[in-house]
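1. Everything below, folded, please.
(2 chains)
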2 protein chains.
Amino acid sequence: MARKILRIDMAELSHAYEEVPAKWGKWAGRGLTSAIVAEEVEPTCHPLGPNNKLVIAPGWVSGTPAAPSSGRTSFGGKSPLTGGIKESNAGGLSSQKIAKLGLAAIILEGMPKGGKWYTLVVTKDGVSFESAADLMGKGLYEVDQILWKKYPNEPAVIGIGQVGEEKLSNAGISVNDPENKPGRYAGRGGLGAVMGARGVKAIIVDDSGGPGVEIADMDLFKTGRKKLTDAITSHDLTKPAGGLNSFGTNVLMNIINEAGGLPTRNFSAGQFEGAAQISGEMVAEMVEKRGAGMTGHGCHPGCIIKCSNIYPDENGEELVSCVEYETAWALGANCGIDDLDYVAKMTRECNDLGLDTIEAGNTVAIAMEGGALEFGDKVGALGLFDEIRQMTPLGRILGQGVEATAKAYGVHRIPTVKGQSMPAYEPRAIKGIGVTYATTPMGADHTAGYTIAPEIAGVGGKVDPLSDEGKAELSLTFQAATAFVDSSGYCLFIAFPILDIPEGWAGMAESVAGVTGMEITGDDVIPIGKEILKIEREFNARAGFTAQDDRPPEFMRYEELPPHNEVWTITDTVLDEVYSWTNGK
Amino acid sequence: MARKILRIDMAELSHAYEEVPAKWGKWAGRGLTSAIVAEEVEPTCHPLGPNNKLVIAPGWVSGTPAAPSSGRTSFGGKSPLTGGIKESNAGGLSSQKIAKLGLAAIILEGMPKGGKWYTLVVTKDGVSFESAADLMGKGLYEVDQILWKKYPNEPAVIGIGQVGEEKLSNAGISVNDPENKPGRYAGRGGLGAVMGARGVKAIIVDDSGGPGVEIADMDLFKTGRKKLTDAITSHDLTKPAGGLNSFGTNVLMNIINEAGGLPTRNFSAGQFEGAAQISGEMVAEMVEKRGAGMTGHGCHPGCIIKCSNIYPDENGEELVSCVEYETAWALGANCGIDDLDYVAKMTRECNDLGLDTIEAGNTVAIAMEGGALEFGDKVGALGLFDEIRQMTPLGRILGQGVEATAKAYGVHRIPTVKGQSMPAYEPRAIKGIGVTYATTPMGADHTAGYTIAPEIAGVGGKVDPLSDEGKAELSLTFQAATAFVDSSGYCLFIAFPILDIPEGWAGMAESVAGVTGMEITGDDVIPIGKEILKIEREFNARAGFTAQDDRPPEFMRYEELPPHNEVWTITDTVLDEVYSWTNGK
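-> Below is the predicted model:
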């Protein structure tokens, strides 16, 4: 059975199934959300107005049997944070269930009359629009519990927290994990506010009785799947008891600190004296010491990397899943906070309130730079989340993220590109990632083109992080490969093994070819990725983006970063070359 | 003696007098601030960072003997509100005094070390940098009083309020009036925050012993001055006891309401049932009834129009000068408030705190639309200014203006262009002014090209406000003429007589030619104005502005405005034609 598009009109409270038009037939995941947004959303519309849409799409291989680590769902729309096109993807339960319902995408459009709020229940029989009145003002831990009690078959719950209800621009979209906890986030870019503006508090996806995913060439799929699985299970970073499995992404904390690229106290230094205290090794130590929680946790069924963790509190109770590197950095080093328990408590607040942790940590750091509290004030920092919970005016400022907070406190050292704040790698110390931050259509985003692999981890080659040389080309290659992976449903972490193991790369492509019947080999990955990037860049160009939006923050050009005492040195001309091949210049 | 540029470096606490370079020799006022900003300020710099500058320039005829209504000072820089180039001009005492010191411009650059604050004292002997510690946190009514007590010769006081100290983006720059009250504002675009970011709370300008303004051709100057004076004193709108003199700018309230173009309750209707209660006629009635205050007040020495007023409170004490049309509309009709006393109280708050009243009124209206209080809640509205005074988080939101407040409350009906909110004329009901709002490099601004003259007042011709026909050309002509007038030092209100009386137009040009020695006639006004616009548009283009920034707010395209039930109908193609002759497209 051919995939369908499920279009949900919140103004009319109606839905319809549509054939996937031929022009979109090749796309899934990010490729599909971006293609739909580019065609159906007027680039100059207000992100919270009636003309924006939220598009949700599983990847090519999502929902197929035993495709390894393939539980990513793409969410797309015009971003309230960047003003450009956005794709943000999450793990959790939704990807496989949407795919198994035979859906290529769900398009959520229109705004309900009278400001009413709904829970959408999506099953094989269609969509029911149920009042969300009982969920309003509630955090996602409670919402997920309520909805699993109310609906059978342990469905996927796609939900927003209080921040999304208030349509603030750091609202993420949560997907529940196999234990029905929130925290698998399409966090970046404020798409939770786009969902909130449609009047949708939660979407239940129950795939019971769904048709499942059609596989065009099972043999090819199995061949590719095996190659990819073998690569994942043999690479040092992704194999069982390997780096990610043992210490999670937070294995990076000490490594990036050592490299002098760990943004500290709002990007004023590249090393944090308390890094070890908030590292992945320390997470593992706390799990061990407290005899609770776990490392090697999987965020979705079928993950074989399992980089997630469950962090326990002082009493051995589960505090939050999970404390990953970006989160520990954002709420830790970047705020001058070296207490993992506080980092974990703030992470739980983010997951409950519906906040992206990267933007939230950067926001706390900006509030510190603006004098609202001192760097390192962990008690004060945790208290800020209570302001958001109470939706005080301060909470409304903070809930919008970095740029809004900077403006409220007159701060001009603002680590953002296209309105979105930078993740845990300092562009002055690791130049390639700075090119990605500056040029990706997504706003500053490490996952958009993770040059850290060769610049720091020695994966996919070895490149000097401090050198400017070849960084434009490096970034573009990573951005293109990422756009492909983000369309596949596979977790981006398969990138580590497939960059080093050619059979893994080929296997990824073959598994996609097997499912879709498209003639795709490893050679097609970069060209297909570039097609997606082109669609996204052109949307942004039509929205009014120019070369001036592809720039690192001004202060990084004149302020030296210790310990390397480097400024940003890659020229604008080089940055402009990255996308010179598109019209979305 | 040739004019000099006074350059003040706040990082070094030093100053220098420079010859006016040949390339800038022809410019004064807005032409000069824009030329300097375009050349010396990197368009992509952060407006509050070390690389922005504040440029202050009197007009061509400022400080000359008896040039009528010629007390405007231009302030320029990169705007924290729009992100583009900004010129905002004010009446009050500064223009003539700066000119009489022989200064073409003051350039304020750099940021003081250690976050110290200064009062700059500018005299014929140079600049002294005095601590402003005693003024910090004080409102402008008090600041102006303190400074006149401290410094001799009743100097001009250019100052910022608490909002500018906090570098919030709706901070204006105040100039004291002849009675040493604040309220003559370079209000729009947040230049008060640019001054605040330089660590300058106030600038004292004492012209005692200054060289005065050199006049190249006194006969020509006198001829021009007489023609212009005759035009002003004979035109119905500007003559003694004429419309502006009797009722101030607020003579427009009933007229625009009648035309269905009075933006009401955050631009949701074009007529306000309480318009008469907040009109200029009502101001005159209150002055009469309370036997206090005055109409026909002049905001600077030598004004012969005198459109200002002094509004008295219930006890016959001076409450504020002045309640003008934009102010009464913004804080009145647009908030659904029909109580002139409350409007006046809020105006005083704006003048004291250092807020632009247009942006402030729009901000209150957005807070109302966002549900923070009800439309018409005058007590609540007045209370919001106390939040700003206390610099609570809510005050920090409001102090930034409309877009920040809209984001904090998830509002998508936002009447802004280029981040700046619209003045008191509805573009759906008066199409030409909408073209000005959309295309001027300044962000939505009626003074940038006041097509209301022909569209409503029948000045300079008579044009149907609801028609799309010819509005691009009309707006451009007005924008160009305005850029010239803004460079002259003359108040823009000379436009009414000179549009209707050809001798007045010629006289304006001749008076400028007489002072400067440049060969300028009435035929040169538009071409010179266009030169200035080109400089400004090109700055904005280099800052990353595109055609997408020349658009009215999205909601005006799909939401009909009562009573005419019109949407915005002028096409983007027509908007793009307005500046197709520049590179700053």
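
2. okay, CA-based contacts and neighbour counts for the rest of this
-> Fine.

3. Would you map the strands across the stretch 251-400 of chain A?
-> In the stretch 251-400 of chain A, the strands defined using DSSP state E, counting those that start in this stretch lie at A:294-297, A:308-312, A:318-320.

4. surely residue A:408 meets residue A:396?
-> No. Using Cα atoms under 8 Å, residue A:408 is not in contact with residue A:396; the gap is 10.9 Å.

5. Single out the most deeply packed of the strands of the stretch 251-400 of chain A.
-> strand A:308-312 (a mean of 25; mean count of other Cα atoms under 10 Å in any protein chain shown).

6. leaving aside the residues next to it on the chain, what's closest to residue A:485?
-> With Cα to Cα, 6 or more residues apart in numbering or on different chains as the criterion, residue A:485 has its nearest non-adjacent residue at 6.2 Å, and that residue is residue A:492.

7. Quick check: phi and psi on that neighbour?
-> phi -60, psi -20 (degrees, to the nearest 10).

8. check contacts around it.
-> With contacts defined as Cα atoms under 8 Å, 6 or more residues apart in numbering or on different chains, the neighbours of residue A:492 are A:447, A:482, A:485, A:486.

9. mind checking which helix or strand the last one is in?
-> Using DSSP states H and E, residue A:486 sits within helix A:471-488.

10. packing partners for that helix?
-> When contacts are defined as 3 or more Cα pairs under 8 Å, 6 or more residues apart in numbering or on different chains; DSSP states H and E, helix A:471-488 packs onto helix A:29-40, helix A:431-439, helix A:525-543, helix A:572-578.

11. helices or strands next to the last one in the packing?
-> By that I understand helix A:572-578. Packing partners of helix A:572-578 (3+ Cα pairs under 8 Å, 6+ apart): helix A:431-439, helix A:471-488.

12. How far does the helix or strand that the first one is followed by sit from its chain's centre?
-> On the C-terminal side of helix A:431-439, the nearest following helix or strand under DSSP H and E is helix A:452. Mean-position distance between helix A:452 and its chain equals 17 Å (Cα atoms, centre = their mean, to the nearest Å).

13. And the contacts of helix A:452?
-> Counting by Cα under 8 Å, 6+ apart, residues outside helix A:452 touching it are A:430, A:432, A:433.

14. ok, now with 7 Å
-> Identification of contacts with helix A:452 by Cα atoms under 7 Å, 6 or more residues apart in numbering or on different chains yields residue A:433.

15. what is the mean pLDDT for it?
-> The predicted model assigns helix A:452 a mean pLDDT of 97.

16. picking up where we left off before, so the helix holding residue A:486 versus helix A:431-439, what angle?
-> Relative orientation of helix A:471-488 versus helix A:431-439 (axes from the mean of the first three to the mean of the last three Cα atoms, to 10 degrees): 70 degrees.

17. Following element in sequence after helix A:471-488, please.
-> Per DSSP H and E, the helix or strand that comes after helix A:471-488 is helix A:495-500.

18. Quick check: buried residues in the next helix or strand after that following helix?
-> For helix A:495-500, the following helix or strand on the C-terminal side (DSSP H and E) is helix A:502-516. When burial is assessed from 16 or more other Cα atoms under 10 Å in any protein chain shown, helix A:502-516 yields the following buried residues: A:503-516.
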